[in-house]
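Asker: I would like the atomic coordinates for the input below:
(2 chains)
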Amino acid sequence: MIAYHQFGRTDLPTEQQQALKKAVRWEYVTISYTIVTIVLVAFVVGNSQAMRTAWIEDMLSLIPQIAFLIALIFVRRRPTVRHPYGMHRAMGVGHLVAGVALLAVGLNLGYEAVSGLIATEHPTIGTVDLFGQTIWLGWLMIIVMAVIVVGPLIYGPAKARLAPALHNKLLYADADMARADWHTNAASIVGVLGVGLGLWWLDGVAALFISLGIIWDGVRNTKGAVIDLMDQRARTYDDKHPHPLAKDIVEHLRAQPWIRDAAVRMRDQGQVFHVEAFVVPRKRRVPVTRIDEVSESVAEMDWKVQDIVVIVCSTLPDEADRGAAHARLH
Amino acid sequence: MLRRLQGILLALAMTTVLAGCGISVPADPEGTLQAVSEGDLRVGVSPDEGLADVSGAAPTGPLIDLVDTFAESLDAEVEWTIGSEEMLVVMLEEGDLDLVVGGLTDQTPWVDRVGVTRGYSGIEGAEGRAIVMFVPLGENAFLTELEGFLDTEVGP
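Answerer: Residues are numbered from 1 along each chain as shown, chains lettered A, B, ... in the order given. The predicted structure is shown next:
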């Protein structure tokens, strides 16, 4: 059992440890695969705006993975006097960096696609000499894009399965992006085919479609990261619902015979939560041992809620989550 | 997701059908290859010592011979225009030329405004330079035809 005076936790239960090990392995697999695809596409990228956009999208997709691996180094550090909450926020910072990078590059690519269309720039795709044969480069582009479409379909769902177990939004965002990655490849194939058929504008339209995807990823991730860093109440890994642990903790507190009413303020620090529990006791005097006991019992409820402070008060703050009012609040 | 995959397959199928209808891939948005075949090939020449000499009544040199052979393969009549590189690039952009030749290399700064062939260092008089030719932007069938011709004539 973790002693009460130790805030937060930097070690994980077995299930989470295994999930984390797998997640790290998948991230390394993804990074290696992406580097191979970047090199492969470099040979055929040519003058197609759609291909160029897809290529840059490939490079961008490395950011969340690298951010995840770097953040892991910090997340494992124990809280100290200097950093009393630990360094869990590193995940949130990584999330924000990834989001902003996506947004900036997405906007730039979108602008390039639109200005190319307005200026009616006809993409020029010539030939290559392959083993003495003159082959239209467009065919090679299509073949390469059709081959590398496979990767994200494998590692995307694998990571999406691990994200809930680890309650890791950065990992979830990464998986989510991988899921959308194949749209990029498919769109670039359509763009190049368009050029092949003499429909020069299809290339720019495909590039625009891809950059809209990147912009959307950027907006969503930036927004999610910013509101988490601004301490919105803890939500599930996919941001869809308020996290059910808040309600569970409030119910657990109310079940104590000496507590009349309770509410919590719970924020997401990355993988773990920081919980402030407000309790209104039935009697005017509360032995300090009761407070120690109840905070330990809350910490035992879930690996994510090790960092808990119990505050005894006469009335509950209005903003705190009272559990029962759960449905009404969100 | 399946529906999207079906969409891609449909696009591929359509391509095959269109190819069967006589549309070849790649195609020219402005139809250059079709226009010059059995027609006029309007060629701009930027003079270069050893590659294209314009001092006589008609231009001469290894590049000129190469263009003549290319025109023959398309049953086209060559119509020469002599000028500075910039003037020829502008004419190419405005659709007044189909091809520009001269002392142009793969280091050309015009790459955003014209279609550029691969570099060919096997051309007589190239002296180690990778010589390129200019075509109108996006005329990919014409570019493919030209590069195929150059690959067989002077090697890739």
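Asker: going forward, measure contacts and count neighbours with C-alpha atoms only.
Answerer: OK.
Asker: now do the closest residue to B:Ser24 other than its chain neighbours: how many residues are near it, please.
Answerer: In space, and not counting its chain neighbours, B:Ser24 is closest to A:Leu197: 7.4 Å by Cα to Cα, 6 or more residues apart in numbering or on different chains. A:Leu197: 22 surrounding residues under other Cα atoms under 10 Å in any protein chain shown.
Asker: contact partners for A:Leu197?
Answerer: By Cα atoms under 8 Å, 6 or more residues apart in numbering or on different chains, the residues touching A:Leu197 are B:23-28.
Asker: check B:Pro59 too.
Answerer: So B:Pro59 contacts B:52-53 (Cα under 8 Å, 6+ apart).
Asker: quick check: it vs A:Ile73, distance?
Answerer: 70 Å (Cα to Cα, to the nearest Å).
Asker: about what we covered before: compare the contacts of A:Leu197 and tell me which is most surrounded.
Answerer: Most surrounded of the contacts of A:Leu197: other Cα under 10 Å gives B:Pro26, at 28 neighbours.
Asker: just the pLDDT for it.
Answerer: If you check B:Pro26, the pLDDT there is 93.
Asker: and chain B, which residues reach chain A?
Answerer: B:8, B:11, B:15, B:23-29, B:115, B:117-118, B:137-140, B:143-144, B:147-148, B:151, B:156 (Cα under 8 Å from any Cα of the partner chain).
Asker: make a PyMOL selection of the buried ones in those.
Answerer: Command for PyMOL that selects the buried part of the residues of chain B next to chain A, burial taken from 16 or more other Cα atoms under 10 Å in any protein chain shown:
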select buried, chain B and resi 8+11+15+24+25+26+27+28+29+115+117+118+137+138+139+140+143+144+147+148+151+156
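Asker: restricted to strands, list the residues of chain B next to chain A.
Answerer: Those of the residues of chain B next to chain A mapping onto strands are B:Gly115, per DSSP state E.
Asker: just checking, next helix/strand downstream of the helix or strand where B:Gly44 lies?
Answerer: Per DSSP states H and E, B:Gly44 falls inside strand B:40-46. Downstream of strand B:40-46, the next assigned helix or strand under DSSP H and E is helix B:62-73.
Asker: what's near enough to touch the spatially most distant residue from the centre of chain A?
Answerer: The outermost residue of chain A relative to its centre, with distances by Cα atoms, centre = their mean, is A:Gly132 at 47.2 Å. Taking Cα under 8 Å, 6+ apart, we find A:Gly132 in contact with B:Pro156.
Asker: stretch B:91-100 - what's its average pLDDT?
Answerer: According to the model, stretch B:91-100 has a mean pLDDT of 96.
Asker: now do the buried residues in that stretch.
Answerer: Result for stretch B:91-100 [16+ other Cα under 10 Å]: buried residues B:91-93, B:97-100.
Asker: how about stretch A:147-162?
Answerer: Those would be A:148-149, A:151-153, A:155-157, A:159-160, A:162, for stretch A:147-162 by 16+ other Cα under 10 Å.
Asker: using the three-state scheme, assign the residue of the stretch 1-150 of chain A found nearest chain B.
Answerer: Proximity of the stretch 1-150 of chain A to chain B (Cα to the nearest Cα) peaks at A:Thr124, 4.0 Å away. Three-state call for A:Thr124 (DSSP: H, G, I helix; E, B strand; the rest coil): coil.
Asker: check the one 10 residues further on too.
Answerer: Secondary structure of A:Thr134, reduced to three states by three-state DSSP: strand.
Asker: tell me, how many residues neighbour the closest residue to chain B within the stretch 201-330 of chain A?
Answerer: The stretch 201-330 of chain A approaches chain B most closely through A:Trp201 (9.8 Å), counting by Cα to the nearest Cα. Number of residues near A:Trp201 (other Cα under 10 Å) recorded here: 21.
Asker: now stretch A:185-204 - C-alpha only, PDB.
Answerer: This file holds the C-alpha atoms of stretch A:185-204, laid out as PDB (Å, rounded to 0.1, in the frame of the first residue of the first chain):
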ATOM      1  CA  ASN A 185      -3.300   7.900 -49.200                       C
ATOM      2  CA  ALA A 186      -6.500   7.200 -51.000                       C
ATOM      3  CA  ALA A 187      -7.000  10.900 -51.800                       C
ATOM      4  CA  SER A 188      -3.500  11.300 -53.200                       C
ATOM      5  CA  ILE A 189      -4.200   8.200 -55.500                       C
ATOM      6  CA  VAL A 190      -7.300   9.900 -56.800                       C
ATOM      7  CA  GLY A 191      -5.400  13.200 -57.300                       C
ATOM      8  CA  VAL A 192      -2.700  11.500 -59.400                       C
ATOM      9  CA  LEU A 193      -5.300   9.400 -61.400                       C
ATOM     10  CA  GLY A 194      -7.000  12.800 -62.100                       C
ATOM     11  CA  VAL A 195      -3.800  14.200 -63.400                       C
ATOM     12  CA  GLY A 196      -3.300  11.100 -65.500                       C
ATOM     13  CA  LEU A 197      -6.800  11.600 -67.100                       C
ATOM     14  CA  GLY A 198      -6.000  15.200 -67.800                       C
ATOM     15  CA  LEU A 199      -8.200  16.500 -65.000                       C
ATOM     16  CA  TRP A 200      -5.500  18.700 -63.600                       C
ATOM     17  CA  TRP A 201      -7.700  20.300 -60.900                       C
ATOM     18  CA  LEU A 202      -8.400  16.900 -59.200                       C
ATOM     19  CA  ASP A 203      -4.800  17.000 -57.800                       C
ATOM     20  CA  GLY A 204      -5.400  20.300 -56.100                       C
END
